[in-house]
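Novice: Sequence unavailable; structure follows:
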């Protein structure tokens, strides 16, 4: 008992508890389950400071622990924050010694919390998981400030960072986050990396605080050393979730071809076996939390689902409903191209990336912008495609922030090319920097903000423009003159349905194939307009007359354009 801490004995506690007074048990959940004073509410000692809002300041609060030490400390805390609080001398031990019964086997435990951290521009999710006191993170993105902000918001301490695999579609923030917070960094012991990590192996279970138990499960298929992580509540024994990385996704699996053709057959068969392992060892109620599958090219196919369980995947996921040969055949037939920058991601992750530098780039004046363009560097305009077409710096390229900015820029740029950013505001440039560090483009060479007129002032150059149009406009113009229709969608999209007579050069091939574009006026289209604008800016910078079709391909057949292909309507 601390000096001057107000207290009551167990007899007094019995009287106030019977009258419905607020009794708070500050022990750990496992102690509470073993036996607690009837009516006592569990708020563990470490959580109480962040949960005082759950208590009524207008009524006395009686604090109980095992013997009185923790309750005295928390009583002092509550009184300092304005509560009329009293510690129970002797605690639950004194309660039992007095011959009174305790309640066992039940606990109104707060739910373990899973906070998805969305990165929609790359089609990925990371996860922060906590029990109200300690936390772990799975597959964090490079910009770790988002995780640090969440830790502060939820009032929890990070103790573990788990990687499901050496990622192919982004640069991890795992090592930097672990170093910043002092958390253990868990990476498969079989992965060859250039940094100190906590090696983890199939079947190992890690204790994260008193309640969370995380078990590593080998799930090769996306990579050879891929791990999934099953989460068990140590108090209830419930296997409540599994973090599947690039293994079992919503209605799909991670693609097996990113390590090269020679490995694809072995990996796709391993992926089938891994999904079945998860379905066998986990209950149907276990929630599935994948890293990929929200638009990421790391997913073999795409799904609209935003949540799922093992039971739901057993009913709907081809990997769990098809035999191995059917799954292998259909998955391999559906694979398409993936971004060229993927080749740089796994080596960067194995080397151990540090924290990114998100400070503003060096400002560039109009003369500097002109010099960089004429030197063959990339000057990228971040504005949307409509305003870019209406007026832009001659020779600049359009990768708008309103679409797959980092994916397509990283896919098309020759790795290592100096990059200058043009944005209407410093916030636009900062957003682009954040997107770029996620794929390992750490520092733009320069940047400029303002209006396009500001970016050509004093250079002797006028703003460049090109027209935009709809598919209806294209149908009309083809009645009057011959134009080249350039379709920059992927080959699989083109093969499924295309405008009769269109030329297909997928966007990711266009920088190297500009000479393959037929001469004359070029009308360029994609599925929705974003890729067409990128392509139009490349053609415009090369001096080609171009019209960007800013329209949905779904409208092409409706306006009279003849479509061909098995899915043509």
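Specialist: Right, received. Where do you want to start? Computed from a predicted structure; not experimentally measured.

Novice: Distance of the closest residue to residue 278 other than its chain neighbours relative to residue 291?
Specialist: Excluding the flanking residues, the one nearest residue 278 by Cβ to Cβ, 6 or more residues apart in numbering is residue 248, at 5.4 Å. All C-beta atoms are positioned from the backbone trio N, CA, C, and that covers glycine. Counting by Cβ to Cβ, to the nearest Å, the gap from residue 248 to residue 291 is 11 Å.

Novice: where's residue 329, which helix or strand?
Specialist: If you go by DSSP states H and E, residue 329 is part of helix 324-334.

Novice: Would you mind listing the buried residues in that helix?
Specialist: 327-328, 331 (16 or more other Cβ atoms under 10 Å).

Novice: cool, stretch 488-497 as well?
Specialist: 488-490, 493-494, 497.

Novice: any residues touching that stretch, and which ones?
Specialist: Defining contact as Cβ atoms under 8 Å, 6 or more residues apart in numbering, one finds that stretch 488-497 is touched by 334, 336-337, 487, 502, 504-507, 510, 524-527, 531-532, 534-535, 553, 563-569.

Novice: quick revisit: which other helices and strands contact the helix holding residue 329?
Specialist: Contacts defined by 3 or more Cβ pairs under 8 Å, 6 or more residues apart in numbering; DSSP states H and E place helix 324-334 against helix 261-281, helix 318-321.

Novice: how about the ones you listed in CSV, adding mean neighbour count, mean pLDDT and distance to residue 234?
Specialist: Conversion of those to CSV gives the following (neighbours: other Cβ atoms under 10 Å; pLDDT from 0 to 100; distance: least, Cβ to Cβ, whole Å):
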stretch, mean neighbour count, mean pLDDT, distance to residue 234
helix 261-281, 17, 96, 18
helix 318-321, 19, 97, 28
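
Novice: and residue 207, which of the three is it?
Specialist: strand (DSSP: H, G, I helix; E, B strand; the rest coil).

Novice: OK, contacts around the nearest residue to it once chain neighbours are set aside?
Specialist: Leaving out its chain neighbours, the residue that sits closest to residue 207 by Cβ to Cβ, 6+ apart is residue 213, at 6.1 Å. Residue 213 is in contact with 205-207, 231-234, counting by Cβ under 8 Å, 6+ apart.

Novice: average pLDDT for the helix or strand containing residue 213?
Specialist: With elements taken from DSSP H and E, the one containing residue 213 is strand 212-218. Averaging pLDDT along strand 212-218 yields 98.

Novice: Equivalent analysis for stretch 20-32, please.
Specialist: Mean predicted lDDT for stretch 20-32 stands at 90.

Novice: Which residues in it does the neighbour count mark as buried?
Specialist: So, applying 16+ other Cβ under 10 Å, buried residues of stretch 20-32: 22-29, 31-32.

Novice: Among those, name the ones in strands.
Specialist: If you go by DSSP state E, those have 22-25 in strands.

Novice: now the helix holding residue 329 against helix 261-281, angle please.
Specialist: 130 degrees (axes from the mean of the first three to the mean of the last three Cα atoms, to 10 degrees).

Novice: Is residue 118 in a helix, a strand, or coil?
Specialist: Once three-state DSSP is applied, residue 118 turns out strand.

Novice: brain fart, residue 305
Specialist: Residue 305 - assigned by three-state DSSP - is coil.

Novice: for it, phi and psi?
Specialist: Main-chain dihedrals, residue 305, degrees, to the nearest 10: phi -70, psi 150.

Novice: was I right about it contacting residue 250?
Specialist: Yes - counting by Cβ atoms under 8 Å, a contact exists between residue 305 and residue 250, whose distance comes to 3.9 Å.

Novice: from the contacts of residue 213, which would you call buried?
Specialist: The neighbour count (16+ other Cβ under 10 Å) marks 206, 231-234 as buried among these.

Novice: Looking at these, which is nearest residue 268?
Specialist: residue 231 (27.2 Å; Cβ to Cβ).

Novice: which ones are touching the closest one?
Specialist: Contacts of residue 231 were listed using Cβ under 8 Å, 6+ apart, and they are 112, 129, 212-214, 239-243.

Novice: export the residues you listed to CSV and tack on distance to residue 380?
Specialist: Formatted as CSV, these follow (distance: Cβ to Cβ, whole Å):
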residue, distance to residue 380
112, 43
129, 37
212, 43
213, 47
214, 41
239, 47
240, 44
241, 40
242, 39
243, 35
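
Novice: mind listing which of these are in strands?
Specialist: Using DSSP E, the contacts of residue 231 in strands are 129, 212-214, 239-243.
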